[in-house]
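Enquirer: would you be able to build a 3D model of this:
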Amino acid sequence: MPRVSPPAPLDSTGRRVTGSAQQQLRRSIVAALVFTGTVASTSVSSSSPSRRNMVHEISGGATIVALAGATIAGLAALVGAGLAALVGADLGADLGAELGAELGAAFSVGPDTRALGDADEPLVVDRAALHRLAAWYALGAQLVDSALAGLDGSGYPATVQLWPEHFDLGTHVAASPGFRVNLGASPGDGYCDEPYLYAGPWGDERAGDPAFWNAPFGATASEPALAATGDAGRAGREFLARGLRVLAGQLAYDPPGRTCAPAYSSEEPASRAAPSAAAPTSAPGTGGTSVTTHEAESAHEVVRHPVDFDSDPSAMVYTFGGAAPVRSVRPGSVLETSTLDCFCGRVRSVHDLASEVCDPRYLNPQTGPFYVDGARPGDTLAVHFARIEPHEAWGASTTVPFFGSLTATPATAMLHRALPELTWIYAIDRDARLVRYEARERSGVTVDLPLDPMHGTVGVAPALGEVRSSLAPGDWGGNLDTPEMRAGTTCYLGVNVEGALFSFGDGHARQGEGETCGVAVETAMDSTVVVDLVTSDPTPWPRLEDDDHLMTTGSARPLEDAFRIAHVQMVRWVAELCELSEMDAYQLVSQIARTPVANVVDTSYTVVAKVAKAHLPAMRPAAGGAHARLRAIAARHLASR
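Expert: This is a model prediction of the structure:
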């Protein structure tokens, strides 16, 4: 087990941690060491992970502290006086005596604390239980922090901390002298063998709805019950928010318009809202006010953001970064909206040439940006495409002078003239799921191709305040032009600015890999996406996941550098998810990866590395299981339409 040296301990990567991160590491030391010293040294079943597991929580994330082969006596020798320096003297002399360290004042042992056991018997740790409990503590910390953020400064909340008596990650909120309210996440105890959230007053008071109180000490929501909703994070936020609302008569917290609602109501206090989108607004290109609906039959918010297909192209957004948000959305929300085609609807017949009917300043309009409540740099935005359907019964493709992979371009200068500029119009049969190609220079030649709708552009605001054209791809996403961005795929984007500022567009009825001529079957789309956050888990380059595959992207010139970025990202992702060394992951990816080329026409080329999940041994769910969770939300929503 790694040694930890105060006052600036090491995290799992060997970096020094200070400030709030060090405070969270102190909690981890209590979790991994103090608690271990108060339980029996027996193995733990993954179905009941409470009380005998260790969690190493750093900056909102969780990594496992494995103690296989360690003993309680060995832990005591390791900790010694250093534990007192890290966690303070208030843990108590009783605990200190058990661990062989001087820790100060008396320590109160709860009624469900287990016997110490043989101090020299090896501790056996169930790895599955560790992973489960680590995820629970990370989620619990986020949920309690979110509940406190909703207080807006009222209620005098205490610091979120580990309470060693019951080993809960919790806090209390003092509404008035002599009255306090508990909020927390328990790993399980004598009351409940499963991890659970709780909310309730310190005393015997039971304000509001009597049906809410299902435990002697207040109200609880177990981990399995939260998971059964399909979105444990959202259900947990709603549970804690409701607990505060039920207690609103005694607690100094009663947000305007909030009332007690059924369990897992779609109402909850937002942790943060976009300054320019505190209320629905009429945004450029929408032609009206965005509509938010709370659907009684589901536990998610549905945001409907209409788009005016006849709007002036100059009113649309053509960059990632540099544009004000059109509205805010909460994590876990379903967003229903539309996107214009890359020509803003100006190319409608074979007689329309893009160079004549389009203003080059207004190509590739984006819908958005959307401010995602609570998104901060270092988080990952998860966008699941539930539905992508052509808005029109036609699409257009063209050749553009000095643009495409098989012609001279400004960056690849040649002496030859531009290729002929032509336009092809494709009929789209949405019922038959076909797209019909028709040759321009030989009559009567048609080919029916499968309809395979996708979005060419998906992205967030870049880092460092940059503003990037929607025609360019990069680590922020943007014009990736990969056919993998279809319905059923979840896209992971690293958040660079507050609110993420997420946009998407560039609908293609279908596209060949590489987008050889530079233009796919461009068409307007009606799309439904589910938006969520994976907090404190950065994503350096856009990643994709569907039911069967993991995918990473790289965008650069020359093409081999895009290949290298995509494959480096895949090697590191596989190493993380499968707990392999980088070299072992490098070897595995070398034998199983496929490499679809997304585009070789944009300002940077984009390459995708793609591996089948079936080839990944004992793979942990990517992004905390976000794909499966968002897919379930999408399925329920589409079924209710």
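
Enquirer: could you pull out the buried residues of whichever strand or helix holds Ala427?
Expert: According to DSSP states H and E, Ala427 maps onto strand 423-429. Of all the residues in strand 423-429, those buried under the rule 16 or more other Cβ atoms under 10 Å are Thr423, Trp424, Ile425, Tyr426, Ile428. In short, each C-beta sits where N, CA and C put it, glycine included.

Enquirer: what packs against the next helix or strand after that strand?
Expert: Going down the chain from strand 423-429, the next helix or strand is strand 434-438, by DSSP H and E. Contacts defined by 3 or more Cβ pairs under 8 Å, 6 or more residues apart in numbering; DSSP states H and E place strand 434-438 against strand 423-429, strand 446-450.

Enquirer: what distance do you get for Leu606 to His615?
Expert: Leu isn't right for residue 606; it's Thr. To His615, Thr606 is 23 Å away according to Cβ to Cβ, to the nearest Å.

Enquirer: more neighbours, the two?
Expert: Thr606 (29 against 14; other Cβ atoms under 10 Å).

Enquirer: got a pLDDT number for the more buried one?
Expert: Thr606 carries a pLDDT score of 98 in this model.

Enquirer: any idea which element the nearest residue to it once chain neighbours are set aside lies in?
Expert: Distance criterion Cβ to Cβ, 6 or more residues apart in numbering; nearest residue to Thr606, sequence neighbours excluded, is Ala598 at 3.9 Å. Secondary-structure assignment from DSSP H and E places Ala598 in strand 597-599.

Enquirer: helices of the chain, start to end?
Expert: 19-29, 72-87, 93-99, 127-149, 223-227, 232-246, 354-357, 559-578, 582-592, 626-640 (DSSP state H).

Enquirer: those helices: lowest mean pLDDT?
Expert: Lowest mean pLDDT within the helices of the chain: helix 19-29, at a mean of 39.

Enquirer: what number of residues lie near Ala612?
Expert: When neighbours are counted by other Cβ under 10 Å, Ala612 registers 12.

Enquirer: next one: Gly233
Expert: If you count neighbours by other Cβ under 10 Å, Gly233 ends up with 22.

Enquirer: if I read this right, Gly518 contacts Pro401, doesn't it?
Expert: No - with contacts counted by Cβ atoms under 8 Å, Gly518 stays clear of Pro401, the gap being 10.7 Å.

Enquirer: out of the two, which sits in the more crowded spot?
Expert: Counted by other Cβ under 10 Å, Gly518 and Pro401 do not tie: Gly518 has more neighbours, with 22 against 16.

Enquirer: got a list of what that one touches?
Expert: With contacts defined as Cβ atoms under 8 Å, 6 or more residues apart in numbering, Gly518 is in contact with Thr399, Val400, Phe403, Gly404, Ser405, Val601.

Enquirer: look at it and report its pLDDT.
Expert: In this model, Gly518 carries a pLDDT of 94.

Enquirer: what about Thr603, how many neighbours?
Expert: For Thr603, using other Cβ under 10 Å, the count is 17.

Enquirer: next: Gly444.
Expert: 6.

Enquirer: try Leu419
Expert: Leu419: 16 neighbours (other Cβ under 10 Å).

Enquirer: what spatial separation is found between it and Val400?
Expert: 9 Å.

Enquirer: cool, and Met414?
Expert: For Met414 relative to Val400 (Cβ to Cβ), the value is 16 Å.

Enquirer: of the two, which one has the most company?
Expert: Val400 (21 against 9).

Enquirer: give me every residue that touches that one.
Expert: Residues counted as contacts of Val400 (Cβ under 8 Å, 6+ apart) are Ala354, Ser355, Glu421, Gly518, Val519.

Enquirer: for it, list each beta-bridge partner.
Expert: Here Val400 sits in beta bridges with Phe403, as judged by DSSP bridges.

Enquirer: begin at 51 from here
Expert: Okay, residue one is now 51; in that scheme the one you just asked about reads as Val450.

Enquirer: from Cys392, how far off is it?
Expert: The gap separating Val450 from Cys392 is 11 Å, by Cβ to Cβ.

Enquirer: which neighbours do the two share?
Expert: Val569.

Enquirer: picking that back up, now a PyMOL select for only the buried ones of the contacts of Val450.
Expert: Entered in PyMOL, the line below selects the buried ones among these, by 16+ other Cβ under 10 Å:
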select buried, resi 404+568+569
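
Enquirer: can you put the contacts of Val450 in a markdown table and add distance to Ala185?
Expert: Below are these laid out as a markdown table (distance: Cβ to Cβ, whole Å):
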| residue | distance to Ala185 |
| --- | --- |
| Ala404 | 49 |
| Ser405 | 54 |
| Glu471 | 55 |
| Gly568 | 44 |
| Val569 | 44 |
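
Enquirer: Ala443: which of the contacts of Val450 is nearest?
Expert: For those, the closest approach to Ala443 (Cβ to Cβ) belongs to Val569, at 19.0 Å.

Enquirer: can you list the buried residues in stretch 427-442?
Expert: Neighbour-count burial for stretch 427-442, counted by 16+ other Cβ under 10 Å, picks out 428-442.

Enquirer: sorry, back to before: looking at the helices and strands packed on strand 484-488, which is closest to Ala277?
Expert: Across the helices and strands packed on strand 484-488, closest to Ala277 is strand 496-500 (Cβ to Cβ), at 36.2 Å.

Enquirer: list the contacts of the closest one.
Expert: Arg483, Leu484, Val485, Arg486, Tyr487, Glu488, Ala489, Arg560.

Enquirer: quick one: those as JSON lines, columns for pLDDT too.
Expert: Formatted as JSON lines, the contacts of strand 496-500 follow (pLDDT from 0 to 100):
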{"residue": "Arg483", "pLDDT": "96"}
{"residue": "Leu484", "pLDDT": "97"}
{"residue": "Val485", "pLDDT": "97"}
{"residue": "Arg486", "pLDDT": "97"}
{"residue": "Tyr487", "pLDDT": "97"}
{"residue": "Glu488", "pLDDT": "96"}
{"residue": "Ala489", "pLDDT": "96"}
{"residue": "Arg560", "pLDDT": "97"}
